[in-house]
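J.: For reference, the sequence and a predicted model appear below.
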Amino acid sequence: MSRPLRYVEGLPMPDRCLVMGVLNVTPDSFSDGGRFLDRERAVGHGRRLAADGADLVDVGGESTRPGAERPTEREERERVLPVVAALAAEGLMVSVDTMRASVAHAAVEAGAVLVNDVSGGRADPAMLPTVAALGVPCVLMHWRGHSATMQQRTAYDDVVADVAQDLCGRLEAAAKAGVEPGRVALDPGIGFAKTGDQNWELLARMHRLADLGRPLLVATSRKRFLGTLLAAEEELRPPAERDDATTATVALAADRGAWCVRVHAVRAAADAVRVVARWGAAKAGVEPF
């Protein structure tokens with residue numbers, strides 16, 4: 001059984017799964033929309049994420065919840081860039097969660113070290129050439145369309161095989177654009193154009209995606225399929241009450257070789273990945289780095 005690579009060139013390389021903390025500077029994110037729209041509150045929360053153990057703080061100015069409408073480019077830039085610049089100036093490692101090449105370029109100039117594009121470079125044809133020119137690492141996610149319509153696009157012959165094939169195409173497109181292969185990580189897009197059952201199947205067969213030969217980012221945090229699993233009398237568990245279930249998925253993903261997990265509740269995830277790494281080292285009969 002193949003296991004995903006654990007390292008992306010240009011980013012930290014500990015002998016464990018990395019933790020990416022979510023910082024939504026939006027008014028409408030499904031979990032914490034509006035809480036960190038204020039710049040000072042956003043910067044303060046970014047500091048807390050890092051203090052809790054986030055290796056990367058992922059700053060995003062566009063909600064990708066199902067049904068969300070896109071902000072204008074100007075709105076996204078005004079939300080994201082000051083926060084990225086402030087956190088980077090304090091020495092934090094910041095990634096930018098954007099589908100726009102212009103925002104990615106400006107964020108990297110402001111100090112971001114990673115571009116996290118949930119469209120995998122599909123939403124903006126300039127994204128992959130921009131990433132190549134910037135020379136920064138990127139995450140390319142499986143994507144079938146913007147949030148307003150993505151849940152109408154959940155038909156697959158075999159969700160794991162189809163997602164793997166699409167991500168393989170994204171790798172080829174990135175290489176053609178000049179992106180160095182060693183700087184690319186992949187994300188299967190849990191919750192994006194997927195039913196709950198399809199999300200579980202992707203997680204259970206994550207080893208199939210490892211055959212693509214690139215590190216994997218797993219982002220399950222507080223997503224609807226967990227709320228459905230934990231529903232009481234058909235009432236979804238609210239997003240803020242899904243953190244324990246998220247941590248369970250973090251531990252399982254880390255144990256199966258995930259390069260990075262993207263979460264809202266960082267401290268629990270940071271603890272979980274360290275436990276997994278130490279457990280694995282003891283199992284192998286060696287001391288961890």
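T.: That came through, no problem.

J.: sec struct for residue 213, please.
T.: coil (DSSP: H, G, I helix; E, B strand; the rest coil).

J.: Cross-check the contact I'm expecting between it and residue 5.
T.: Yes. Between residue 213 and residue 5 there is a contact under CB atoms under 8 Å: 6.9 Å. For the C-beta atoms, the positions are set from N, CA and C on the backbone; glycine is no exception.

J.: Compare these two and say which one has the larger neighbour count.
T.: Of the pair residue 213 and residue 5, residue 5 is the one with more neighbours under other CB atoms under 10 Å, namely 16 against 13.

J.: Could you measure from that one over to residue 94?
T.: From residue 5 across to residue 94, the span is 23 Å (CB to CB, to the nearest Å).

J.: so where's the stretch 151-289 of the chain uncertain?
T.: The stretch 151-289 of the chain contains residues with pLDDT under 70 at 286-289.

J.: again, only using 90
T.: 151-153, 210, 233-234, 283-289 (pLDDT under 90).

J.: ok, which stretches of it are strands?
T.: Using DSSP state E, counting those that start in this stretch, the strands found in the stretch 151-289 of the chain span residues 184-187, 217-218, 260-263.

J.: Serialize the ones you listed to a markdown table and add fields for distance to residue 136 and mean neighbour count.
T.: Below are the strands of the stretch 151-289 of the chain laid out as a markdown table (distance: least, CB to CB, whole Å; neighbours: other CB atoms under 10 Å):
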| stretch | distance to residue 136 | mean neighbour count |
| --- | --- | --- |
| strand 184-187 | 11 | 25 |
| strand 217-218 | 15 | 28 |
| strand 260-263 | 15 | 28 |
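
J.: which residues in the stretch 101-250 of the chain form helices?
T.: 101-110, 127-134, 159-177, 196-204, 206-210, 224-229, 243-255 (DSSP state H, counting those that start in this stretch).

J.: Now the longest one - C-alpha only, CSV.
T.: Same thing as helix 159-177. Taking C-alpha atoms only, helix 159-177 is exported to CSV below (Å, rounded to 0.1, in the frame of the first residue of the first chain):
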residue,chain,number,x,y,z
VAL,A,159,-15.4,8.8,-6.5
VAL,A,160,-11.9,7.8,-5.5
ALA,A,161,-10.8,6.9,-9.1
ASP,A,162,-12.5,10.0,-10.5
VAL,A,163,-10.9,12.3,-8.0
ALA,A,164,-7.5,10.7,-8.5
GLN,A,165,-7.8,11.1,-12.2
ASP,A,166,-8.8,14.8,-11.9
LEU,A,167,-5.9,15.5,-9.5
CYS,A,168,-3.5,13.8,-11.9
GLY,A,169,-4.7,16.2,-14.5
ARG,A,170,-4.0,19.1,-12.2
LEU,A,171,-0.5,17.9,-11.6
GLU,A,172,0.1,17.8,-15.3
ALA,A,173,-1.4,21.3,-15.8
ALA,A,174,0.8,22.6,-13.0
ALA,A,175,4.0,21.1,-14.5
LYS,A,176,3.1,22.4,-17.9
ALA,A,177,2.7,25.9,-16.4
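
J.: helices or strands up against that helix?
T.: Packing contacts for helix 159-177, counted by 3 or more CB pairs under 8 Å, 6 or more residues apart in numbering; DSSP states H and E, involve helix 127-134, strand 138-141, strand 184-187, helix 196-204, helix 206-210.

J.: Output the contacting helices and strands for the last one.
T.: With contacts taken as 3+ CB pairs under 8 Å, 6+ apart, helix 206-210 sits against helix 159-177.

J.: Can you point out the buried residues in the helix it packs on?
T.: By neighbour count with 16 or more other CB atoms under 10 Å, helix 159-177 contains the buried residues 159-160, 163-164, 166-168, 170-171, 173-174, 177.

J.: ok, back up a step: so which of the strands of the stretch 151-289 of the chain is nearest residue 245?
T.: strand 260-263 (11.6 Å; CB to CB).

J.: Now do that closest one: distance to the chain's middle.
T.: Distance of strand 260-263 from the chain centroid (CA atoms, centre = their mean, to the nearest Å) equals 6 Å.

J.: And stretch 269-285, by the same measure?
T.: Distance of stretch 269-285 from the chain centroid (CA atoms, centre = their mean) equals 21 Å.
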